[in-house]
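# sequence first, then the predicted structure, then my questions.
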Amino acid sequence: MRIADVSRDKGDSLELDVLVSPRSNRSGLEGFDEWRKRVILRVKSPPLDGRANKEVESYFKDVTGCKCKVTSGQTSHQKTVTIAGDPGKIIELLEKAMQ
């Protein structure tokens, strides 16, 4: 499974399906959940008062250098994150971050 399999090209942005694991020992991409067709992102923050969502947005902004927003799943482990920018370049940066 690859990033392209869990994302959608929206022309000027990329929608990425993410499974968030809060309260982890470290933050970072951890592979794929093939059953849910989502990339797994571990975050240190707890899922309280939007802290995990803010860390999700911050993580993807740091990796891609692009503006990011959780666009669905604000109260769920399964989220969709929209990352503004060239989808091809974003996919390349995310795949590099997975290594």
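Cool, got the structure. Residues are numbered from 1 along each chain as shown.
# report the central residue of the protein.
residue 18 (5.0 Å; CA atoms, centre = their mean).
# next SSE after the helix or strand harbouring that residue?
Following DSSP states H and E, one finds residue 18 within strand 13-21. Going down the chain from strand 13-21, the next helix or strand is strand 28-33, by DSSP H and E.
# got the buried residues for that next one?
29, 32-33 (16 or more other CB atoms under 10 Å). (Each C-beta comes from the backbone N, C-alpha and C, glycine too.)
# that strand packs against which elements?
strand 38-42, helix 87-98 (3 or more CB pairs under 8 Å, 6 or more residues apart in numbering; DSSP states H and E).
# please repeat the previous calculation with a cut-off of 6 Å.
Contact analysis of strand 28-33 by 3 or more CB pairs under 6 Å, 6 or more residues apart in numbering; DSSP states H and E lists strand 38-42 as its packing neighbours.
# the strand it packs on pairs with which strands?
Strand pairing for strand 38-42, using DSSP bridges, gives strand 13-21 (parallel), strand 28-33 (antiparallel).
# ok, the residue lying closest to residue 34 once chain neighbours are set aside to residue 40 distance?
Once flanking residues are discounted, residue 34 sits nearest to residue 1: 5.6 Å by CB to CB, 6 or more residues apart in numbering. Residue 1 is 11 Å from residue 40, where distance means CB to CB, to the nearest Å.
# neighbour count for these two, which is higher?
A count of neighbours by other CB atoms under 10 Å puts residue 40 above the other of residue 1 and residue 40, at 18 against 12.
# in contact with that one, which residues?
19, 30-31, 33 (CB atoms under 6 Å, 6 or more residues apart in numbering).
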